[in-house]
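S.K.: Based on what follows, work out the 3D shape:
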Amino acid sequence: MHDLAACIAFLQRLVQTPSLPGHEADLAALVKAEMERLGYDEVFVDAAGNVIGRIRGRGDAPAVMFNTHLDHVDPGDPAGWRFPPYGGEIHDEAVWGRGTVDIKGPLAAQVYGVARLKNDPTPPPGDVYVSAVVQEEIGGLGARHLLTHLQPPLIVVGEPSRNELRRGHRGRTEVILHIRGRSAHASMPAEGVNPHFVAARFLLALETLPMQTHPDLGRSSATPTLIRIDQTSSNVIPGELWLTIDWRNIPAETAETICARLRPLAEEAARAVPGAQADILVRTHEVASYTGLRMLLPADNPAFALPADHPALRAAAHVLTDALGHTPHVDVWQFATDGGHFAKAGLTVIGFGPGDDRLAHTNMEHIRIADVETALRGNAALAREWAWRVATSR
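M.R.: The predicted structure follows:
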């Protein structure tokens, strides 16, 4: 298609515009300007800094929202990259750089794929939105705010899926074990209450904690990651300790049920160390968008799983089969996305986007131009037909 070259040039500009969380203003302006140039009927930036474009439909089917995000993870040391991380260079029929897979390749494919509807003789059956939100990488401020003013019933999350369909993922809840002991000189251990011994007992119990299993998403998991104490000197018994547990949860588990499972382990570990106290809490952190909007966020990205026989999933598969010439494989993501927030709000969420997710967050990140072209066709077809097929399949 004639717009492929323009889409790839847009992708290169996206990659050449750094947009770490909290610093997405320049990229937001770039995306907004491109949507306006492509003829979207309405383009606006909300209070969080999310960019939303709309193509008006006939009102014969539910609205659909295509969703990606503006931010990306840090590229790390540029010396470790084959090509400059913010170069957006083309080599071997692929665009290279930070964010090409997660998430600027999928973003470009959504912006341009949906824009193809402006060349159709009639409007789509329902309104079609494209949203590019802020701070997906650090807790979902953008998606959480977007849901306060826009909730189309059908969502296409464009996280990399290798142009296959995705129907869910495990969630991620960041839990903190907080232990209070008593500080003392390390040469006099009897004078202190060492929180490390509580943490050690807790970790041994955590290692054997039975985990729940979901038929599609697999087992939940609890992985200790970070540990922090209130001291910087190696000859001091710390008075407090904070241990982070990365809990990958299935849909049946919430932040509350996870804490309820971990709290008895913490209390038992503390009882074994006289004078110690321990508690379990979900980490919360205050974040600010580039617009100045502030939000206190719990670290609880929800899980979701659309049933394999869900009519909306079947409808999407039919649309993509017709558009791409083959039946797309259906699977689940291994990582969490903003799709969990949309599903928790009661919206129907599927995933479709270009890019090999195994390259995301690595210094080998690149996306094949052919995969972007396939995603353009797939996104245009979903924008034209998915809502209509969903509406008529009920």
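S.K.: Report the residue ranges of every domain in this structure.
M.R.: By the record's domain assignment, the chain is partitioned as 3-169+303-393, 172-286 (automatic domain parsing).
S.K.: contact partners of stretch 357-364?
M.R.: When contacts are defined by CB atoms under 8 Å, 6 or more residues apart in numbering, stretch 357-364 is touched by residues 73, 75-76, 80-82, 85, 101-102, 159-162, 333-335, 365-367. Using the backbone N, CA and C atoms, a C-beta is placed for each residue, glycine as well.
S.K.: Please apply the same query to stretch 56-66.
M.R.: The list of residues contacting stretch 56-66 from outside it, by CB under 8 Å, 6+ apart, reads 41-42, 110, 113-114, 122-131, 150, 152-156, 158, 379, 382-383, 386-388, 390-391.
S.K.: Now, those residues that are in strands?
M.R.: Where the contacts of stretch 56-66 overlap with strands, as defined by DSSP state E, the overlap consists of Glu42, Val128, Tyr129, Val130, Ser131, Leu154, Ile155, Val156.
S.K.: of these, buried ones?
M.R.: Buried residues within the ones in strands among the contacts of stretch 56-66, counting neighbours by 16 or more other CB atoms under 10 Å: Val128, Tyr129, Val130, Ser131, Leu154, Ile155, Val156.
S.K.: any idea what the residue nearest the centre of the chain is structurally, helix, strand or coil?
M.R.: Residue closest to the mean C-alpha point of the chain, counted by CA atoms, centre = their mean, is Thr337 at 2.6 Å. Using DSSP: H, G, I helix; E, B strand; the rest coil, the structure places Thr337 in coil.
S.K.: Now which of the contacts of stretch 56-66 would you call buried?
M.R.: When the contacts of stretch 56-66 are checked for burial by 16+ other CB under 10 Å, the buried set is 110, 113-114, 123-131, 152-156, 158, 379, 382-383, 386-388, 390-391.
S.K.: by contact count, what packs against the longest helix belonging to the chain?
M.R.: As assigned by DSSP state H, the longest helix anywhere in the chain is helix 369-393. Applying 3 or more CB pairs under 8 Å, 6 or more residues apart in numbering; DSSP states H and E, we find helix 369-393 packed against helix 3-15, strand 64-69, strand 94-96, helix 105-115, strand 154-157, helix 311-324.
S.K.: quick one: Phe10 from Asp357, how far?
M.R.: As judged by CB to CB, to the nearest Å, Phe10 and Asp357 stand 22 Å apart.
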